[in-house]
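A.B. asks: Sequence first, then the predicted structure, then my questions.
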Amino acid sequence: MELGDVPRWLIETPTRDSGEAFDEPWMFADGRILPDLGPLAARIAHPGTKRAFDFSVIEAAPIVSEAIANVFRTLAPNDVQLFPVAIERESERYFVVNAIKVVDAIDEARCREVHHYDEPSPDYPGEYNWIYGLRIDPSKTEGAHVFRLKKFKIAFIVSEDIKNALERVGNLGVSFERVTEAPVLH
């Protein structure tokens, strides 16, 4: 998997330092406060150009450098938990960013296209399979700067202030899509 001509640096989902997987490896995308997890480790799934912010390969856990962690620590201390994670063969400190807030702010009428699961799960009624041209109602974000969306937790939403601060750090392995304006219809 490559992005342009630059081989992607891909990181596996964090595990316990012992290498033991968590019972709920998707917990970093669940939008809830997690207990102390103890030492974490992550392996490199694919070598490439190291990035300051990326998502793990399978469960899409946000993994960031210390400089990026400091952005979250400074601008969104009540919206995230930061868990140190040792990445194999890396001496630099990295952190898993756990967004602890979930808001019900999807503006389905302004989204370009929404897809619900064909067979809804009783555990997750009304969940979206995918949304193209995601749009949210900013009045429903409860002032959060970082959050997940109820019924579409795969989306990791950050405020404009956070986005700008992250871009100033640079070397991001992520891109941003504006979710507060009307979508461009084709």
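C.D. replies: Everything's here; your move.
A.B. asks: Residue 109: what secondary structure?
C.D. replies: Per DSSP: H, G, I helix; E, B strand; the rest coil, the local secondary structure of residue 109 is helix.
A.B. asks: in the protein, which helix or strand is least confident?
C.D. replies: Across the helices and strands of the chain, mean pLDDT, DSSP states H and E gives its lowest value to strand 2-3, namely a mean of 40.
A.B. asks: What score does the closest residue to residue 51 other than its chain neighbours have for pLDDT?
C.D. replies: The shortest distance from residue 51 to any non-neighbouring residue, by C-beta to C-beta, 6 or more residues apart in numbering, is to residue 173 (3.2 Å). C-beta here means a position set from N, CA and C on the backbone, and glycine is covered the same way. Each residue has a pLDDT score; the one for residue 173 is 83.
A.B. asks: Check whether residue 173 really touches residue 8, as I assumed.
C.D. replies: Yes. At 7.2 Å, residue 173 and residue 8 qualify as touching, with contact defined as C-beta atoms under 8 Å.
A.B. asks: joint contacts of these two?
C.D. replies: Common neighbours of residue 173 and residue 8, using C-beta atoms under 8 Å, 6 or more residues apart in numbering, do not exist here.
A.B. asks: Good, we can wrap up now.
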